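Student: What follows is a predicted structure for the sequence shown.
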Amino acid sequence: MKKIVTALIFAIGFGVAGSCAALGNGAAVDATKEGAVDMENVSVPIVIAHRGASGARPEHTLGGYQLAIQYGADYIEPDLVMTSDGHLVARHDVYLSSTTNVADLPEFADRKRTFDGITDWFVFDFTLEELKQLRTRQPRAGRSTEFDGLEPIATIEEIIALVKKENATRSHKTGLYIEMKRPAAHKAMGLDPTDALVGVFKQLEALAIPTYFQCFEADYLRSFPVMKSVPLIYLIEGEDDPKTGRTHAEYHMAQWATEFAGLGINKALLLSDPEAPGQVVKDAHEVGLKIHIWTIRNDAVPAMFENGAAELKAVFALDVDGIFTDHSDVAISVLAGMKSQD
């Protein structure tokens, strides 16, 4: 741990200037991977509002997304799941009890069941009309519950309409960074989300809304119909090989570079080599992959950092291409401060 702390202190104290120099190099973009994304309207690195402004509002709500857009986030992130009647809605999980009041509604008591080792209520057991009767709430302890019970679950159509409306009045255009949750599980339920997702991305392309598409299931990304305007991001945890200590990312980056635009990685991978913090970013950049890291939370700061701003500075200093954060307002402020010092 001492080596990690020392390395990151070095990054904070001496790496910021190098990172600031990199902040302005966003024009050098591989157009074949970025498609229609207008890089003049996004910062480098990009700030992605993780589940909306989830540090201040219940996650995946229109109010939370709107607040993140008002903060100036480059992208908002809807995680998508599918209802029993084929509608894409925004939830981080296929289960409902932690983010809604479903357990309080007696009319849905009989929907509770066990799936994949979890006993709960599941999105794909509800129609959209039924889901719209639920109200959202803050799932993380210690955060404000002021907005609990006020908003229904949002559909992707409602989210697109919100972004379209907000972008029409702002010079800084916000994009959609969409994740499909557990496509294999949906398919097992007879719900293949592919056609619906393709329709969504075609709509976003027509509206000139910048977009990314991410998923933890590489095979699903590989099978997804190729669309020039939709850069694919493969999400990885970064398991270690117990024999060598290397991560599976190190073994497969060259292959992934032929398939995806980038990787969405657990921020712990930035320290996978304590002697060389951020080596995973350098390795990815050498083969043309972007690195977007998750997740920075101001109310869950690693012990080595004084606060969320210090963590952000350290991460930005490692030349990442984007960050997911529950507190995009703080990230934007830190990034602006770093740019002003350049």
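Tutor: Yes, it's here. Numbers count the residues shown, from 1 in each chain.
Student: So what sits opposite residue 264 in the bridge?
Tutor: Applying DSSP bridges to residue 264 yields these beta-bridge partners: residue 235, residue 292.
Student: residue contacts, it?
Tutor: 214, 233-236, 292-294, 324 (Cβ atoms under 8 Å, 6 or more residues apart in numbering). The way it works is simple: take the backbone N, C-alpha and C, and place the C-beta from them, glycine included.
Student: Farthest pair within those?
Tutor: 234 and 324 (14.5 Å; Cβ to Cβ).
Student: thinking again about what came up before, may I see the contacts of residue 264 organised as JSON lines, with neighbour count added?
Tutor: Listed next are the contacts of residue 264 as JSON lines, based on neighbours: other Cβ atoms under 10 Å:
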{"residue": "214", "neighbour count": "25"}
{"residue": "233", "neighbour count": "25"}
{"residue": "234", "neighbour count": "23"}
{"residue": "235", "neighbour count": "17"}
{"residue": "236", "neighbour count": "18"}
{"residue": "292", "neighbour count": "23"}
{"residue": "293", "neighbour count": "25"}
{"residue": "294", "neighbour count": "18"}
{"residue": "324", "neighbour count": "24"}
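Student: Closest to residue 317 out of the residues you listed?
Tutor: Checking these one by one against residue 317 (Cβ to Cβ), the nearest turns out to be residue 293, at 12.5 Å.
Student: In contact with the closest residue to the closest one other than its chain neighbours, which residues are there?
Tutor: Nearest residue to residue 293 in three dimensions, chain neighbours excluded: residue 267, at 4.6 Å (Cβ to Cβ, 6 or more residues apart in numbering). By Cβ under 8 Å, 6+ apart, the residues touching residue 267 are 293-296, 315.
Student: Next: residue 219.
Tutor: Counting by Cβ under 8 Å, 6+ apart, residue 219 has no contacts.
Student: That one: which element?
Tutor: helix 218-223 (DSSP states H and E).
Student: What's the mean pLDDT across that helix?
Tutor: Averaged across helix 218-223, pLDDT comes to 95.
Student: Distance from the chain centre to that helix, please.
Tutor: Taking Cα atoms, centre = their mean, to the nearest Å, one finds helix 218-223 lying 18 Å from the centre of the chain it belongs to.
Student: on that earlier part again, can you tell me which of the contacts of residue 267 are in helices?
Tutor: residue 315 (DSSP state H).
Student: wait, which of the contacts of residue 267 is closest to residue 338?
Tutor: residue 315 (11.2 Å).
Student: Could you report the pLDDT at that closest one?
Tutor: 95.
Student: In this structure it contacts residue 322, no?
Tutor: No - assessed by Cβ atoms under 8 Å, residue 315 is found out of contact with residue 322, at 10.3 Å.
Student: and for those two, which residues touch both?
Tutor: In contact with both residue 315 and residue 322: residue 293, using Cβ under 8 Å, 6+ apart.
Student: between the two, which one's more packed in?
Tutor: residue 315 (27 against 24; other Cβ atoms under 10 Å).
Student: which residues touch that one?
Tutor: Taking Cβ under 8 Å, 6+ apart, one finds 267, 270, 293, 296, 323 in contact with residue 315.
Student: need those in JSON lines with distance to residue 167 and pLDDT, can you?
Tutor: Shown next, in JSON lines, are the contacts of residue 315 (distance: Cβ to Cβ, whole Å; pLDDT from 0 to 100):
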{"residue": "267", "distance to residue 167": "29", "pLDDT": "92"}
{"residue": "270", "distance to residue 167": "32", "pLDDT": "88"}
{"residue": "293", "distance to residue 167": "26", "pLDDT": "96"}
{"residue": "296", "distance to residue 167": "25", "pLDDT": "96"}
{"residue": "323", "distance to residue 167": "22", "pLDDT": "98"}
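Student: nearest to residue 184, of those residues?
Tutor: Distances from residue 184 to the contacts of residue 315, taken by Cβ to Cβ, are shortest for residue 293, at 24.8 Å.
Student: Good, wrapping up.
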